[in-house]
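Participant: Turn this into a structure:
(chains A, B and C)
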Amino acid sequence: MIRLEKRPQPSRAWSMATPLVAVLATMVMGGLLFATLGKNPVEAIRTIFWEPVFGEFAFYYRPQLLVKGAPLVLIAIGLSLGFRAGIWNIGAEGQYIIGALTGAGVGLAFYPMESWIIFPLMVLAGAFGGWAWAMIPAVLKTRFGTNEILVSLMLVYVAEQFLASMSLGLLKNPEGFGFPGSRNLQQYASAHNGEIIAGSGMHWGVVAALIAVIFAYILLNRHMLGYHIRLTGEAPRAAKFAGVKPARLVLFCLGTSGALAGLAGLFEVSGPSGQVSIDFNVGYGFTAIIVAFLGRLHPVGILLAGALMALTYIGGDIAQGNLGLPSAAIQVFQGMLLFFLLAFDLLTNYRIKLGTEGAL
Amino acid sequence: MDLSAINPVLLIASLMVAATPLLLAAIGELVVEKAGVLNLGVEGMMITGAIAGFAAAVESGSPLMGFVAAAGAGALLSLLFVVLSQIALANQVASGLALTLFGLGLSALMGQKYVGVKPPAMGRIDIPVLSDLPVLGRILFSHDIVLYFGIALTAVVWAVLKYSRIGLILRAVGENHEAAHALGYKVVKIRTLAILFGGACAGLGGAYISLIRVPQWTEGMTAGVGWIALALVVFASWKPWRALLGAYLFGGITVLQLNLQAAGVAIPVEYLAMSPYLITILVLVILSADKSNAPASLGRSFHASR
Amino acid sequence: MSTPPLLTIEGLTKAYPGVVANDHVSFTIGTGEVHALLGENGAGKSTLVKMIYGLVKPDSGRMTLRGAPYEPAEPRAARADGIAMVFQHFSLFDALNVAENIALGMENPPPLRDLAARIREVSETYGLPLDPFRTVGDLSAGERQRVEIIRCLLQDPKLLIMDEPTSVLTPQEVQILFQTLRKLKSEGTSILYISHKLEEIRALCDHATILRLGKNVGECIPAETSARDMAELMVGTALKTPERGVREFGDVALDISGLSVPAPSAFGTALKNVHLTVRRGEILGIGGVAGNGQDELLSVMSGEVTCARDAVKFDGAPIGHMGPTARRALGVLTAPEERLGHAAAPDMSLTENALLTGSVREGLERNGFLKWGATRAFAEKIIQAFDVRTPGPDNAARSLSGGNLQKFVIGREVLQRPEVLVVNQPTWGVDAAAAASIRQALLDLAAGGAAVICISQDLDELMEISDNFAALNEGRLSAPRPTAELTVDEIGLMMGGAHGMEVAHV
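Facilitator: Here you go, the predicted model:
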């Protein structure tokens, strides 16, 4: 008979090990999944995890790692602050879209003027857009006690419609021969988020992601506000007793995660993607939820998890091209990862005991 | 703009069709939440039910087989939630999100070869005299059987929760799991059954979209209906009949905005398409003040320690 | 005992990781006997009754019920064998009504309408009137206990287990309960009565088994044994009673006047026109049955709930509008009842928990940045000064035993040199030695010139340490009176007397 026994305190070793165990378990189960799809599992796993970093065309894929990883890390860092405090922003996808729209909107408003000030203004506008969009659930929660999970999620669908309206209307490229989508910002120097070092994949979004990681690390480990965030998540009543104002924390956590998601959107639209279009968003806002959990809501962990998840995106693309692995299979693979992580997390707080003595 | 193109009889009849997936999913989730569990995976279970039901109906040629398969698939997926939330004692919010993300991926994978396929049609009930009644016959007595099943299910869930012993035990578990355990009730077992029921209902709701409402398969076709169903449970204040009312209200909004789009109202299509989501938010705001009916143990993990 | 044995327990043992909760415990309960199970917190009483009630399986040992082997697999089996239990923390469902609650505790309940009639009948017979259709969350603690008792009585129990039943009752309500229990006994029902209150046991029980650290350390006939002898058996050593010393009262430090606060939640208590003052050097004891506004009163003083500026004054200055941090800066400190989750965060280390209230007065932050070294030193200081048993400040709060965590929580506030300290249930669930040291710390603090308010449901504790006594009843606070002048009856009346409960028709 198997039973669970609560540990006197969380195990640090397991807390570090569970993500690795989860990744291994996902590889095994993912392999089985690929096998049922008629693909060679070993080759598929190798293509996803090995090819992008060490394969023949790694010189092309390695920069991609930064390009795909940066938005994931940027968004996940923001989400992790709220998740730690029990404030669930799951509408980062919407904030990402709005950040991209406001940021790109500011840039396009200046077209064709060239000035160094344009890009910084776009960055501010992007962060502001995401922040403002996240403030809707935040204010509704603090004022009316509305569930932020549902509101932030509903706003994703609203943002998607808004994006469609913008790329067909206000932001549509007047010289685009009637096709939906805005002007390409890659061809507008003052608004282009280009590579800082050519061929490295390093754009301003990557820099912002690294700064966010450091900022979050200091906040959580060295600052009262970070302590209050952790305390609120662990024991909300104790946090109130310590003097935390829950409403302020809701505004801060949702606002920060919204601003970071907005930034991610702006850096994407002005860089790798280049233009506002109907299907500009590719689900980074949702994948970032997996990244946040896989990184154990820890800034450094999120950095690693973001890199890993970027790998599965790129590797998945390669596997799609080389092996004909459907892109949805990668989505399933990523979902599986979160499953295993949550399941194995049990070992952090509980011991598994085999034995017959006493049934609890 | 031509508002006269909107036929009120058809509008009400199609409102009921639009409301049914919401109703099925919401009733399932209502039972789950009454047992003290918050399963945010409704969207994932719905979309999985949608494709599983679609595939089964296409392969077997029988829509009814499709619904059976959809209920099974929804329940199977919810079993993963059971493992995470009841056995591994993971955070319920995170587990529900995992279920949704996984379900969206899984359905996309399963549905690849069904894009563009036409499913077998579900027959409408034809009650000799009633169905031929003017207006009422079209509105009330000429739908498919699943629609009536949804209404019957609401009645059954209401009666079971209110009058039966199993309903009382379910409410007790959701209210105070420690006390229920102390009295000797199997908290995890009862919750597991509730979650499976919720999964089966969500699966049915999903299949209703892919087999009857639309009817075809496209990726991500549930488009947030699962999330609206979650909001509906709050709106209903955990009462089955209010969930029915809410589902019809939302069904009405959806159908109305589609009709307005078709009629070419001056409001851009995108803004009409936003309206169900915006109204969901509005309703949540209005009704959030009163949480007194929420089960007291909602969302809390239970482990029988000493 | 001359009566035939009902339940015999032989060598019952149950071990949990790191602790043997019951170590070869044996005793016999006779038919129609009121048998006391006496022991301190942590002596293993709860584990023992959980084994009898089928909630926990023993590792070894035997139980015999009416001559036949008795091994209940679950509470349902125990109930089928005629064993019923009234829990210390009631196993009730706030949102359900009385009849529904009772139905949940029965195997084959009759239809609700018949059940309601039976509830009325039984409750009248035993002098415990109860309306079957009231929502349980709205009942007082005493009424909630009645729900539990009637739930048991409806099943014609042969053995009724009562776990610390008087902790939620006023002295008057205790008398009514005892009459009910005596009536049951006269009808041949056996009662296993768990308590650490010696006088009660002497008044009620025929026989007592005493547990200490999981072992059976003695038996006695309470009526023929002095309370002192039983106490020594229970605790193991002669206890040192805290020294009160002579204290001078100074100026009024905390002054609450005309304070009314609405109930924080559906089943909470509203505070109604509360007045109190406490002077430096004084310990004000606040008694009352659980759920009469204790938590709410503490949260108003801690600043978790704010109120009108002038309703709470410190040294004459209004502080009612201030939050917890501002009040701590002034020296108004508090220690809530619930240790895990309110006074401390269970999964955080003791160092992090030291920061929880210590940041302001101990200077553990600068411009919002934390000084972990100083915080750790503060935690170590608490651990040392209050003899907290733990391997070190890096251990999680939840890894500590209740008594040790309580010492940490009280120590954390005492070491911050409070001007006013408010504690709620400072020794709840704490063993006698730790309780004595906590009470001594409160007395020392007052002797040093601080004003202390001790909210407690343990009247003995309040009698021991407080200079003045007031009682909370349904959110109202009685006028404080010098403790030395009060009799038990008067205290009971201040707490609300019998709350209109009828005396049993015996």
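
Participant: Close to chain C: what parts of chain A are there?
Facilitator: With CB under 8 Å from any CB of the partner chain as the criterion, chain A comes near chain C at residues A:5, A:8-10, A:222-225, A:227, A:230-231, A:234-235, A:237-243, A:245, A:357-360. Where you see a C-beta, it was placed from the backbone N, CA and C, and this is true even at glycine.

Participant: is any part of the helix or strand hosting B:G72 close to chain A?
Facilitator: Using DSSP states H and E, B:G72 maps to helix B:63-82. Yes - when contact is scored as CB under 8 Å from any CB, part of helix B:63-82 falls within range of chain A: B:L80.

Participant: Kindly export that helix (C-alpha atoms) in PDB.
Facilitator: Written as PDB, here are the backbone C-alpha positions of helix B:63-82 (Å, rounded to 0.1, in the frame of the first residue of the first chain):
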ATOM      1  CA  PRO B  63     -23.900  11.300 -33.800                       C
ATOM      2  CA  LEU B  64     -25.100   9.600 -30.600                       C
ATOM      3  CA  MET B  65     -21.900   7.400 -30.500                       C
ATOM      4  CA  GLY B  66     -20.100  10.700 -30.900                       C
ATOM      5  CA  PHE B  67     -21.700  12.100 -27.700                       C
ATOM      6  CA  VAL B  68     -20.900   9.000 -25.800                       C
ATOM      7  CA  ALA B  69     -17.300   9.100 -26.900                       C
ATOM      8  CA  ALA B  70     -17.200  12.800 -26.000                       C
ATOM      9  CA  ALA B  71     -18.400  12.200 -22.500                       C
ATOM     10  CA  GLY B  72     -15.900   9.500 -22.100                       C
ATOM     11  CA  ALA B  73     -13.000  11.600 -23.500                       C
ATOM     12  CA  GLY B  74     -14.000  14.500 -21.200                       C
ATOM     13  CA  ALA B  75     -14.100  12.200 -18.200                       C
ATOM     14  CA  LEU B  76     -10.800  10.600 -19.200                       C
ATOM     15  CA  LEU B  77      -9.100  14.000 -19.400                       C
ATOM     16  CA  SER B  78     -10.600  15.000 -16.100                       C
ATOM     17  CA  LEU B  79      -9.000  11.900 -14.600                       C
ATOM     18  CA  LEU B  80      -5.600  13.700 -15.200                       C
ATOM     19  CA  PHE B  81      -7.000  16.500 -13.100                       C
ATOM     20  CA  VAL B  82      -7.900  14.000 -10.400                       C
END
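
Participant: Now do that helix, average pLDDT.
Facilitator: If you average the pLDDT over helix B:63-82, you get 93.

Participant: in it, what's buried?
Facilitator: Along helix B:63-82, the positions that meet the burial threshold by neighbour count (16 or more other CB atoms under 10 Å in any protein chain shown) are B:63-78, B:80-82.

Participant: How about stretch C:301-314?
Facilitator: With burial defined by 16+ other CB under 10 Å, the residues of stretch C:301-314 counted as buried are C:301-307, C:311-314.

Participant: swap in stretch C:374-391?
Facilitator: Per 16+ other CB under 10 Å, stretch C:374-391 contains these buried residues: C:374-376, C:378-383, C:386, C:388, C:390.

Participant: mind putting those residues in TSV, secondary structure included?
Facilitator: Putting those into TSV (DSSP: H, G, I helix; E, B strand; the rest coil) gives the following:
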residue	secondary structure
C:A374	helix
C:T375	helix
C:R376	helix
C:F378	helix
C:A379	helix
C:E380	helix
C:K381	helix
C:I382	helix
C:I383	helix
C:F386	coil
C:V388	coil
C:T390	coil
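
Participant: Sort out which one of those residues lies nearest chain B for me.
Facilitator: C:T390 (20.4 Å; CB to the nearest CB).

Participant: quick one, phi psi at C:G61?
Facilitator: According to degrees, to the nearest 10, the main-chain angles of C:G61 amount to phi 110, psi 170.

Participant: What pLDDT does the model give it?
Facilitator: According to the prediction, C:G61 has pLDDT 91.

Participant: For it, which non-adjacent residue is spatially closest?
Facilitator: Once its chain neighbours are removed from consideration, C:G61 has its nearest residue in C:L12; the separation is 3.6 Å (CB to CB, 6 or more residues apart in numbering or on different chains).

Participant: repeat for B:V37
Facilitator: Closest residue to B:V37 apart from its sequence neighbours, by CB to CB, 6+ apart: B:R191 at 5.4 Å.

Participant: and what of A:S200?
Facilitator: That would be A:P63: by CB to CB, 6+ apart, it lies 5.7 Å from A:S200.

Participant: these two touch, right, that neighbour and A:I197?
Facilitator: No - under the criterion of CB atoms under 8 Å, A:P63 lies out of contact with A:I197, with a separation of 9.6 Å.

Participant: all strands of chain A, in order?
Facilitator: In order along the chain, chain A carries the following strands (DSSP state E): A:2-6, A:350-354.
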